[in-house]
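Trainee: Let me see the structure of the following:
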Amino acid sequence: MERRAGSPALTSKRSSSTPPPLRIGAAVDGRQDTRVLIPPTTRAPERPPSDLIWSLAGESMGTTWSVRLVPPMWTTQDALQAAIEEELARIIALFSPWTPSSEISRFNNAPAGTWKLSDDFWSLLNASLDLADDVNGAVDPTLGALVDLWGFGPPGPRDPLNPLPAAEEIETALAVSGWQKLRLNRDAQAAVQAGGMKLDFSGIAKGHAVDRVSARLTAMGATSHLVEIGGELLGRGVKPDAQPWWVEIETVPGSPAPHTVAALFDMAVATSGDWRRAFVHEERLYPHTIDGSTGRPVDNGLAQVTVFDASAMRADTWATALTVLGPYDGPEFAEAMQIAAHFVERTPRGLIERMTSAFAAMMDEEEA
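Mentor: Numbers count the residues shown, from 1 in each chain. The predicted model follows:
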């Protein structure tokens, strides 16, 4: 949701070396204040070439998308809509396991052997493996068999009478999962299908799609825009009134964080939450994020992780990885990597929030 007129102008912020204390949900119930986040910037925004703002929207990747942009000269809304839909269709044709003819589906269903990959697929696969290496598998593109097993993949939800897989099933899926097990033939730009391995880019695909759509719009001259796909957002440039693209940050119900808005000037934000895609069995929540070290949905108390980054793909990936790392290792890793991240954890005291120094540095001085 874009913030209305009266939002503060985009300014640079001083860094804060010490994050604010934890907030406990019960202590802030009923608060009406607003937290304003302004990421630091090193360049002054340029005024767009038009006073117009166009709004485009559609459906893709099993979710909705929306774009607000300042149109370039000599371009129609139809042309921009078609370009966005073409970019999203290309991504589906590469990375959607729900599409039988996609490149990822063909690899997942292929017999054992070495399979040559397209340039775009090869590029994203390598980026995913590099990120998996950085976080020791906390985000992993090879967990498709486990995603399917738990009912979050193309086969659909499990039988309600048998909602949880048996330990033997989990072990079988784990045997064909793991980023370190995937062998690449770099000379041939190919990946080795050992038999039964299934790739899954759900922890990176929406962010990648946001980046791709943004790049396509920029190439067409629409250099000021806000792109949203399934809740992942990226803002480029500013609006005709020189205001940044203001967005409201989604929060888990009962979150201790106040109503939060952020200025997305050349910045992306992604949120991972345990309530978005999940099922409940015997009063326990099973979210769609899989921990590759256990083969099971994460169960570490983190309800939500929000990450800011210049790249929507990285923001999306970090949000997933930090969720898997948990409420202690996640903030510690994010602090060490200078990631602007916000965590909401479920505890016996209620929901509490943590944030990194990079996140705290974006807040108004009086709150930081």
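
Trainee: what's around Val247, how many residues?
Mentor: 22 (other CB atoms under 10 Å). The way it works is simple: take the backbone N, C-alpha and C, and place the C-beta from them, glycine included.

Trainee: Quick check: it vs Arg68, distance?
Mentor: 10 Å (CB to CB, to the nearest Å).

Trainee: swap in Arg35?
Mentor: 22 Å.

Trainee: can you check Thr347 too?
Mentor: With CB to CB as the criterion, Thr347 and Arg68 are 38 Å apart.

Trainee: Would you mind telling me which of the two has more residues around it?
Mentor: Arg68 (18 against 13).

Trainee: where's the more buried one, which helix or strand?
Mentor: strand 63-69 (DSSP states H and E).

Trainee: Any buried residues in that strand, and which?
Mentor: The neighbour-count check on strand 63-69 (16 or more other CB atoms under 10 Å) flags Trp65, Val67, Arg68, Leu69 as buried.

Trainee: and what of stretch 228-240?
Mentor: By neighbour count with 16+ other CB under 10 Å, stretch 228-240 contains the buried residues Glu228, Ile229, Gly230, Gly231, Glu232, Leu233, Leu234, Gly235, Arg236, Gly237, Val238, Lys239.

Trainee: just checking, which of those belong to helices?
Mentor: Using DSSP state H, no member of the buried residues of stretch 228-240 falls within helices.

Trainee: mind putting the residues you listed in JSON lines, distance to Glu103 included?
Mentor: Listed next are those as JSON lines, based on distance: CB to CB, whole Å:
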{"residue": "Glu228", "distance to Glu103": "25"}
{"residue": "Ile229", "distance to Glu103": "20"}
{"residue": "Gly230", "distance to Glu103": "21"}
{"residue": "Gly231", "distance to Glu103": "25"}
{"residue": "Glu232", "distance to Glu103": "22"}
{"residue": "Leu233", "distance to Glu103": "27"}
{"residue": "Leu234", "distance to Glu103": "24"}
{"residue": "Gly235", "distance to Glu103": "30"}
{"residue": "Arg236", "distance to Glu103": "28"}
{"residue": "Gly237", "distance to Glu103": "33"}
{"residue": "Val238", "distance to Glu103": "37"}
{"residue": "Lys239", "distance to Glu103": "37"}
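
Trainee: Tell me where the model's unsure across the stretch 151-300 of the chain.
Mentor: Within the stretch 151-300 of the chain, not a single segment meets pLDDT under 70.

Trainee: for the stretch 201-350 of the chain, what spans make up the helices?
Mentor: Remark: helices assigned in the stretch 201-350 of the chain by DSSP state H, counting those that start in this stretch are 205-219, 312-336.

Trainee: can you redo the ones you listed as JSON lines with mean neighbour count and distance to Asp133?
Mentor: As requested, those are exported to JSON lines (neighbours: other CB atoms under 10 Å; distance: least, CB to CB, whole Å):
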{"stretch": "helix 205-219", "mean neighbour count": "22", "distance to Asp133": "18"}
{"stretch": "helix 312-336", "mean neighbour count": "24", "distance to Asp133": "11"}
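
Trainee: Out of those helices, which gets nearest to Phe95?
Mentor: Closest approach to Phe95 among the helices of the stretch 201-350 of the chain (CB to CB): helix 205-219, 5.2 Å.
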